[in-house]
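[1] got a predicted model here, sequence first, then my questions.
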Amino acid sequence: MKSQLVTILAFCAIGVAQAQNQTVTIAAPEDLKALVQQANTNYPTLKQQQQQIQAGEVRVDIARTSMRPSVNLNGNYTYITPVPQFAIPLNGQEVVAKLAPNNSINTNVSIGQTIYDFGRTDAAVRQAADNVQILRRNYELTQQSLAYQVAAAYYGVGFLQRSLIVQDSVIRTASANVRLLSNRLQNGDALEYDVLTEAVRVKVAQNRKIEIQNQLEKQLATLTYLTGNPQPETNRAIEQFQVGVQLAPVSLFDLNGQFQTAAVGNKTVLLAQDQVKAAETDVLVNNRSGQPSITFNGTAGFKNGYPLEVEQLRGNTTAGINFVAPIYSGKRYKLQNQAAQLNLNASRYAVETANAQLRQSIALLNADIRSNQTRLANLETQVLQAHKALDIANARLRNGVITNVELQSAETGVEEAELGRLTFQYQLLLNQLELKRLLGEPLF
């Protein structure tokens, strides 16, 4: 029993919800809503993803700038010597005529504008937008997972607090029996060994309580990590745990009739579908990367170097249209298209994988539902029997007609039955949370 309890509590500590189905809505208390809000505000990974989304949106704007004009101020000075020159007689004197200036100056304002690029810019904008959608979907997935981790940890606190109540009851009963056996020892109706054995029973129960308290502290530490709140509010955790376990039993999920409903809302499947869309856009981008482009270029400024007066700066204006059509690139475009198509095929298989994993997860939930509900129903009878057996054992102890072994057996039966029932109740509560997560439903 101890090893089983440690395993269940370990699951609580890391906020893992194992499988199950729900048809009943869990009422979310205000303190749980506040904890989820704190997690959304403080969790570092969400902050990181928010920044990545903003950067992605900027990249969309960057892609759009390809169809906008670019204006530059240009300036160039070059000293040249010697320069080509010749002497000519003029009015009885030789005059030196330069064909180029020693100080070459060229300053201008240039403008470039893409007139038409056969859809390359549109494809790049779409590619950047698809990448932003993937970032947003990842953000939603992280946010959803975070909310359910907080809920699992929150209800785990309630489970552990309820377990401590059960353990305190065990300690009180065992301590009362120690006092009773001590009185009987003084009257000569019991052995010192009986008193010592029951005292050991108390110590074992106290150690188990310490173990549960330790797990509770770890659970609270998990909540602090998830929410960023050093003192998370969990006053209603035990109350809400009790409310959750008292709901009607959850039913099995109809995989054959309702699977498409699950697939439509599952965040992982939606992410895989977004990645297919992005891969399709990558194919489009690569198909258009080898397309021609038509651009306009113009300049207006001053330069020297004109014949006869090569040193004099004069106005200089140019304008033209460029047409570029790739002819041969060493199969680069063909290979890029091939790689993009293979990536698209892989993304489509990823959607199939996500659907298969979702189906498997729901099937495992159904298996756990059947197992947990059956064992919980069996434990209800066991709990009733264990309490009655302990009542009879205590009555026989007071009358001196019971052995210490029989008393210990009755006490152990109550403890194991109560903790076992709590464990399966907690598992069913986690199962409801897990199914809501798989279906993509909000926590509240």
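    Thanks, I have it.
[2] look up phi and psi at residue 99.
    phi -90, psi -10 (degrees, to the nearest 10).
[3] my bad, residue 297
    phi -130, psi 140.
[4] list the contacts of it.
    110, 111, 112, 318, 319, 320, 321, 322 (C-beta atoms under 8 Å, 6 or more residues apart in numbering). All C-beta spots, glycine's among them, are computed from the backbone N, C-alpha and C.
[5] the helix or strand containing residue 107: partners in the sheet, and parallel or antiparallel?
    Per DSSP states H and E: residue 107 is located in strand 103-116. Within its sheet, strand 103-116 is paired with strand 70-79 (antiparallel), strand 293-303 (antiparallel), according to DSSP bridges.
[6] quick one on the thing from earlier: looking at the contacts of residue 297, which one is closest to residue 385?
    residue 112 (88.1 Å; C-beta to C-beta).
[7] my guess is the closest one contacts residue 299, does it?
    No - using C-beta atoms under 8 Å, residue 112 makes no contact with residue 299, being 9.8 Å away.
[8] more neighbours: these two, which one.
    For the pair residue 112 and residue 299, the greater number of neighbours falls to residue 299 (19 against 14), based on other C-beta atoms under 10 Å.
[9] so that one bridges to which residues?
    residue 110, residue 318.
[10] how about the helices in the stretch 301-444 of the chain?
    Per DSSP state H, counting those that start in this stretch, the stretch 301-444 of the chain carries helices over the ranges 332-398, 404-438.
[11] dump the ones you listed into CSV; add mean pLDDT, distance to residue 223 and mean neighbour count as well.
    Formatted as CSV, the helices of the stretch 301-444 of the chain follow (pLDDT from 0 to 100; distance: least, C-beta to C-beta, whole Å; neighbours: other C-beta atoms under 10 Å):
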stretch, mean pLDDT, distance to residue 223, mean neighbour count
helix 332-398, 90, 25, 16
helix 404-438, 82, 15, 21
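[12] of all these, which one is nearest residue 217?
    helix 404-438 (17.9 Å).
[13] does anything pack onto the closest one? Which helices or strands?
    Here helix 404-438 touches helix 2-13, helix 120-186, helix 192-227, helix 237-245, helix 332-398, going by 3 or more C-beta pairs under 8 Å, 6 or more residues apart in numbering; DSSP states H and E.
[14] one step back: looking at the strands paired with strand 103-116, which is buried most?
    strand 293-303 (a mean of 16; mean count of other C-beta atoms under 10 Å).
[15] next, the angle from it to helix 120-186.
    110 degrees (axes from the mean of the first three to the mean of the last three C-alpha atoms, to 10 degrees).
[16] can I get strand 293-303 in PDB? Just the C-alpha atoms.
    Taking Å, rounded to 0.1, in the frame of the first residue of the first chain, the C-alpha atoms of strand 293-303 are listed here in PDB:
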ATOM      1  CA  SER A 293      11.100  40.200 -61.700                       C
ATOM      2  CA  ILE A 294      10.500  43.600 -63.100                       C
ATOM      3  CA  THR A 295      11.900  46.600 -61.200                       C
ATOM      4  CA  PHE A 296      12.200  50.300 -61.700                       C
ATOM      5  CA  ASN A 297      15.500  52.200 -60.900                       C
ATOM      6  CA  GLY A 298      16.100  55.900 -60.900                       C
ATOM      7  CA  THR A 299      18.700  58.400 -59.600                       C
ATOM      8  CA  ALA A 300      18.900  62.200 -59.400                       C
ATOM      9  CA  GLY A 301      22.100  64.100 -58.300                       C
ATOM     10  CA  PHE A 302      25.300  65.700 -59.300                       C
ATOM     11  CA  LYS A 303      28.600  64.400 -60.800                       C
END
